[in-house]
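Visitor: Have a look at this prediction, sequence included:
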Amino acid sequence: MSQPGGHRRRPGTLGPPVRSIRPFRSSEQYLEAMKEDLAEWLRDLYGLDIDAANFLQVLETGLVLCRHANAVTEAALAFLAEAPARAQRIPMPRAGVRCNGAAQPGTFQARDNVSNFIQWCRKEMGIQEVLMFETEDLVLRKNVKNVVLCLLELGRRAWRFGVAAPTLVQLEEEIDQELRTELALPPPD
């Protein structure tokens with residue numbers, strides 16, 4: 001049985017063949033959209049001149065990353081003071097990140113700043129290894145996807161403390177809430 005567009009339908013199925021709803025033609029386009037979202041998020045949080053095109057250049061000294069880590073730590077400590085019972089149930093950073101403010105791109109100081117941020121994500125935020133990146137992934141652009149995934153996960157976790165989250169994270173939460181409502185599931189902890 002032939003369908004419009006030359007697609008064949010399997011016996012016993014109704015309607016047109018199922019197609020992916022993913023609007024991106026490649027994983028590179030999807031990665032670019034995530035970078036755009038993260039750039040907008042960092043621009044709104046810190047007033048940076050950042051977009052998808054210069055995203056990695058702005059982050060490569062580690063200054064913005066350390067600044068964000070310290071802001072998340074401050075928000076977490078404030079959250080702990082306001083809601084100590086709730087704060088006991090979630091991983092919370094207790095210490096900030098040491099940062100060299102004079103770091104220039106490609107220098108040891110920049111690598112040290114990025115490394116300090118990575119260690120903070122692991123130790124203080126408990127971000128899983130599968131979502132982490134290495135210093136070279138950012139500095140030498142070896143694995144941009146992991147940089148993006150780590151920042152998105154950090155945005156998810158920091159949102160619990162009242163730090164604004166990237167739009168993608170907010171959309172995920174809205175979808176989760178709608179599913180919980182539809183399925184009559186209890187709210188998450």
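Guide: Yes, it's here. For clarity, every value in this text was computed on a predicted model and none was experimentally measured.

Visitor: Determine which residue lies closest to the centroid of this structure.
Guide: When Cα atoms, centre = their mean is applied to the chain, the residue found nearest the centroid is residue 152 (0.5 Å).

Visitor: In space, what's closest to residue 43 - neighbours in sequence excluded?
Guide: Once flanking residues are discounted, residue 43 sits nearest to residue 50: 5.1 Å by Cβ to Cβ, 6 or more residues apart in numbering. No exception for glycine: its C-beta is placed from N, CA and C like everyone else's.

Visitor: Just give the closest residue to residue 103, not the sequence neighbours.
Guide: Closest to residue 103 by Cβ to Cβ, 6+ apart is residue 109, at 3.8 Å.

Visitor: Now that neighbour: which helix or strand?
Guide: helix 108-123 (DSSP states H and E).

Visitor: any idea how far the residue nearest to residue 103 is from residue 141?
Guide: Per Cβ to Cβ, to the nearest Å, residue 109 is found 19 Å from residue 141.

Visitor: Pick out whichever of those two has more residues nearby.
Guide: residue 109 (17 against 12; other Cβ atoms under 10 Å).

Visitor: give the contact list for the more buried one.
Guide: Shown in contact with residue 109 (Cβ atoms under 8 Å, 6 or more residues apart in numbering): 61, 100, 102, 103.

Visitor: Buried members of these into PyMOL, please.
Guide: In PyMOL, this line selects whichever of the contacts of residue 109 come out buried by 16 or more other Cβ atoms under 10 Å:
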select buried, resi 61+100+103
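
Visitor: Would you check how far apart residue 144 and residue 93 are?
Guide: Between residue 144 and residue 93 the computed distance is 25 Å (Cβ to Cβ).

Visitor: Look at the two and report which has more neighbours.
Guide: residue 93 (24 against 18).

Visitor: Go ahead and confirm the more buried one touches residue 124.
Guide: Yes. Because the distance of 3.6 Å satisfies Cβ atoms under 8 Å, residue 93 is recorded as touching residue 124.

Visitor: need the helices for the protein, in chain order.
Guide: For the chain, helices defined by DSSP state H occupy the ranges 27-46, 55-59, 63-82, 84-87, 108-123, 135-139, 144-159, 167-182.

Visitor: which parts of the fourth one are buried?
Guide: Counting neighbours by 16+ other Cβ under 10 Å, one finds that the buried residues in helix 84-87 are residue 87.
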